[in-house]
Structure formats: structure tokens, C-alpha cells
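What follows is a predicted protein model with its sequence.
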Amino acid sequence: MDYINLSFFDLALASSLILINGGISFALGLGLERTLLINTVRMTVQLMAIGFVLKFIFMQTSPVWTIGLALIMVALAGREILSRQTHQLKGINAYGLGASTLFCVGFICTLFAIFLLVQPEPWYSPRYFLPILGMIIGNTMTGIGLGMETLTTSIKRDLKLIEDRLSLGEPRFIALGDHVKRAMKTGMMPIINAMAASGIISLPGMMTGQIISGVDPIEATKYQLMIMFLIAGGTALGTTGGVVGMVYLLTDERHRLRLERLKEKR
Amino acid sequence: MLEILNLKNDIFGPVTLEVQEGQSIIVRGPSGSGKTRFMRAIADLDVATGEVFLNGQHRKDLAAYDWRKRVRFVAADSTWWFDHVDEHFRQDYELEENMAKLSLKPELRNWHVSKLSTGERQRLAFLRAIADEPQVLLLDEPTSALDELSAGKLEEMIEQVKANGTIVFIASHHPEQVKKFGPKEILFTKKDVEVNNL
């Protein structure tokens, strides 16, 4: 395979494009220079660091290191879900619901791909395990976060309406039916839209990467399709888990709304 | 018979009370004294300690939604979730006939809910609440948005469901209603709850 290595000089040259960004911000008084600088440095440090971490883990090829890094990835993605919630639950559930859903879905989908589809030797080969898991949880995270956010926001807004329906003797999943549906749709919309756009409007990042590194485009497409199917399935499972879990946490066994379990708005 | 034993939460109580079929009870007291909370707690919409039995059956032995089919709380202001009025009623419910009793025009049944006036909404919410014949009605200021005439019609209809054996709680400030739907009342004061026979 002919693969062209980038030198650090190439990178430095590319980074000069950020200066254009800074120049525009300065000229138009957008005040973004500081944020731009910090985020550029942050991105560079983060990516270089993960490069070295991955290189180290690839050299170990041990199940402990692979699963260990996978767990850290899930834990960080769980924090990302939490930070996107306007109305957070009190206590451990605030983080726990999103993170545990993500954990279950991420591992189910990744293990499905590893053991039934790709079947690398050994199964914990980090080259396959970690990128597949990363792409699944990166997208599932969005679905879970959006679904939960839509649900809590709309329940808070329609509190009176839901209580009227409960008063008339509707079980919680009927009284909250419209809200659950809307939350699920919102959670799944990004991946459904991405499926329509991919190939025409966007060439997905993984496929682009494989093509640059010399893989036959048809083979790259096959991998990309597999990943898209995994992401779509993962997002559906994850959004369902997050939304249904949230309904259980915001109601009780007597089918009452328990909005006091949400923190006061930040 | 409805039996309430030591019903209590952080806002009101404890209340112990026995009500026979067809009886009505006035729930009275200043705003914020817990009248609404008390009635919501009977319908199991608010968390409270204590026991509630209907005809000897403990509410915990029924699913919450089955309890609320029998014990129905009706808030002072109502919400509507379908587009049109009649979608909120069972198809076999004699809607127009009952609407006429509350002097509501028959064409209202096909209206978009956003066109209804506050008073129309309150009367229709009452019909929606009694349509499946609950055994206990908990009415929170049921005539607050009504003029004297319509209020009188609604009171007649309350008398009618009472005559069919329904137990009716009415939170009310009107001395007229208190007189009409006494003789029993629950008086909420800042500290205390008393059950009086007027």
C-alpha cells in the first residue's frame, strides 16, 4: 500500500489556516480569538495524546488495556450526555441513566460486530474494537442525550396536561405517549438524516480515512455501511433505553409524575 | 363508602373521614391551606401517608389508574390534548344530551378546543370527568369560571350524580354552595383540619 506520511512541517502549514479564522474574527470584532486559540491548542493536545495512548495500547494488545480504555470512553461520553441536559435528575441517576444506557448499547453493538461480523484475531484487538466502539457511542450518545432532553423539557411544559390525563385514569405510558414518541423521533432523527446524506452530501470520515490509507473504495464502503447499520441500531436501542428509563425515573409505581426528582434549572 | 384514615403529607393532615354513597362534602379553607393537595392525595395523584378504602377495598390493591377510574380529581382549569372537543369523549357517550343540561350549544362538540371559552372548558371538563361514571368526584372549585346561571345548572348536575350514589367532594368559597352541598364540611385552617357537621 502506498501511504504518504505527513511531516510535522505539513501540519504546521495546515494549522496556519486557523490564522485566517483568527484574522476574520479580529477584523469583524467577533471576539472569538481567545476561544479559537484555546480550542485549537486543546484539540491538538487531545488528539496527540490519544494518538500516543492508542499506540501504546496497540503495542500491548491485551484484553485488559482494550476494555479499560473502552470503559473510559463510555464514562466520558456519559458525561457528555449529562452536560447536554437542561433539566437534570437529582443524585447519581443524572449521570447513571445516560451512562448505563450507553454502556449496554455500546458493548452489545461492538461485541456483535466483533464476534459475528469482523471477527478479528484476537477478539480484543484494539485496532478494531476501539474505533468501532468509539463510532457507535459517539453517535448513540447524541440520540440518548437528545431523547432525554426532549422528554424532560416537554414533560415540564405539559405538566398540567399530563396530570389531567392521569386523573382520568390513563396509565403513565398512555398519558405520556405523545411525549415519548416525540422524544424518540428527535433522538433518532440525526442518524436517519445522516443515512440519507452519506455518499452524496458527505463522505463519512471513516471511509475517507480508509481510502486515503489505500483500501479499495468498495471495501471501505462495506466497512462504512456496517458501521452505519451498527450506529442506526445502537441509536434506536439507546434512545429507547434513555427515554423509557427517564419515564420510569420521572414517575412512580402509582403512576404519578414526580418532577421533584429533577434539579431546579441551572 | 369511602374511608380515609390518617391521610397526611407535608402540606395537610392528618385527616380521618367516612363518607357514605351519595353524600357530598364541602372542602373549605383559605388559599394555600391544602384543599387541592388533599383532594389530589385522595385520587393518589400526590404522595401521602395513610389509608384510603373504597367500599372496603384498599387503594393499594388496585392499580393507580384503576383507582383513578373510580376516584376522580377534577382541577379548576382543564387542559385538552386532542384537536376537537368530541375526541375527548367515548363515542357512545350521550354528549349532546348532557351538554344541553349545562346549556352548552350542541355545535360545540365539533369545535376546535382552542375556540372554547374558559366557562365552556370548565363545563366540558366536568362532563369529561363524569362520562365514565366514577364513584367519587373530587371537584376543585367547579364553578369558578361560571356565571350564576351556568353555575346553577352545573350544581343541578352534581345533585343528579349524587342521586346516582356518587360521593362528591367540592372545594368551594361560595356560601351558597356550602349551604347547598353541606351538611358535612372539612375545614382547612393554617394549622389544622376539622371535620364539621353544619
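Happy to help now that I have it. Keep in mind the model is a prediction, meaning the values are calculated, not measured.

Packing partners of the longest helix seen in chain B?
In chain B, taking DSSP state H as the definition, the longest helix is helix B:148-163. Judged by 3 or more CB pairs under 8 Å, 6 or more residues apart in numbering or on different chains; DSSP states H and E, helix B:148-163 is in contact with helix B:95-101, helix B:118-130, strand B:136-140, strand B:167-171, helix B:175-181. To be clear about C-beta, it is placed using only N, CA and C from the backbone, and glycine gets the same treatment.

Tell me the residues of the stretch 101-250 of chain A that contact chain B?
Residues of the stretch 101-250 of chain A lying near chain B by CB under 8 Å from any CB of the partner chain: A:158, A:160-161, A:163-171, A:178.

Kindly present those as TSV, with separate columns for pLDDT and secondary structure.
Below are these laid out as TSV (pLDDT from 0 to 100; DSSP: H, G, I helix; E, B strand; the rest coil):
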residue	pLDDT	secondary structure
A:Asp158	97	coil
A:Lys160	96	helix
A:Leu161	97	helix
A:Glu163	97	helix
A:Asp164	97	helix
A:Arg165	97	helix
A:Leu166	98	helix
A:Ser167	97	helix
A:Leu168	97	coil
A:Gly169	97	coil
A:Glu170	97	coil
A:Pro171	97	coil
A:Asp178	97	helix
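
What subset of those residues is buried?
Among those, those classed as buried by 16 or more other CB atoms under 10 Å in any protein chain shown are A:Asp158, A:Leu161, A:Glu163, A:Asp164, A:Arg165, A:Leu166, A:Ser167, A:Leu168, A:Gly169, A:Glu170, A:Pro171.

Would you confirm that B:Leu17 belongs to a strand?
Yes - per DSSP: H, G, I helix; E, B strand; the rest coil, B:Leu17 lies within a strand segment.

Using the three-state scheme, assign the nearest residue to it once chain neighbours are set aside.
Distance criterion CB to CB, 6 or more residues apart in numbering or on different chains; nearest residue to B:Leu17, sequence neighbours excluded, is B:Ile4 at 4.4 Å. Here B:Ile4 is recorded as strand under three-state DSSP.

try B:Glu51
Going by three-state DSSP: B:Glu51 is strand.

That one - nearest residue in space that isn't next to it in sequence?
That would be B:Leu5: by CB to CB, 6+ apart, it lies 4.4 Å from B:Glu51.

re earlier: put together CSV for the helices and strands packed on helix B:148-163, with mean neighbour count, distance to chain A and mean pLDDT on each row.
Formatted as CSV, the helices and strands packed on helix B:148-163 follow (neighbours: other CB atoms under 10 Å in any protein chain shown; distance: least, CB to the nearest CB, whole Å; pLDDT from 0 to 100):
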stretch, mean neighbour count, distance to chain A, mean pLDDT
helix B:95-101, 16, 16, 95
helix B:118-130, 21, 7, 96
strand B:136-140, 24, 9, 97
strand B:167-171, 24, 14, 95
helix B:175-181, 16, 21, 85
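
need these in JSON lines with distance to A:Leu30, can you?
Output for those, formatted as JSON lines (distance: least, CB to CB, whole Å):
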{"stretch": "helix B:95-101", "distance to A:Leu30": "60"}
{"stretch": "helix B:118-130", "distance to A:Leu30": "49"}
{"stretch": "strand B:136-140", "distance to A:Leu30": "54"}
{"stretch": "strand B:167-171", "distance to A:Leu30": "57"}
{"stretch": "helix B:175-181", "distance to A:Leu30": "64"}
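
Which one, of those, ends up nearest to A:Gly134?
Among the helices and strands packed on helix B:148-163, helix B:118-130 comes nearest to A:Gly134, with 51.7 Å by CB to CB.

which residues touch the closest one?
A:167-168, B:72, B:74-78, B:80, B:85, B:88-89, B:95, B:98-99, B:102, B:104, B:108, B:113, B:116, B:137, B:139, B:142-147, B:150, B:154, B:157, B:161, B:166 (CB atoms under 8 Å, 6 or more residues apart in numbering or on different chains).

Now that we have those residues, which of them are buried?
For these, buried by 16+ other CB under 10 Å: A:167-168, B:72, B:74-75, B:78, B:80, B:85, B:88-89, B:95, B:98-99, B:102, B:104, B:108, B:113, B:116, B:137, B:139, B:142-146, B:150, B:154, B:157, B:161, B:166.

how about the helices of chain A, start to end?
Under DSSP H, chain A gives helices at A:8-28, A:33-60, A:63-83, A:93-112, A:126-157, A:159-167, A:172-175, A:177-197, A:205-212, A:217-250.

about what we covered before: go through the helices and strands packed on helix B:148-163 and name the closest to B:Leu62.
With CB to CB as the yardstick, what comes closest out of the helices and strands packed on helix B:148-163 is strand B:136-140 (12.8 Å).
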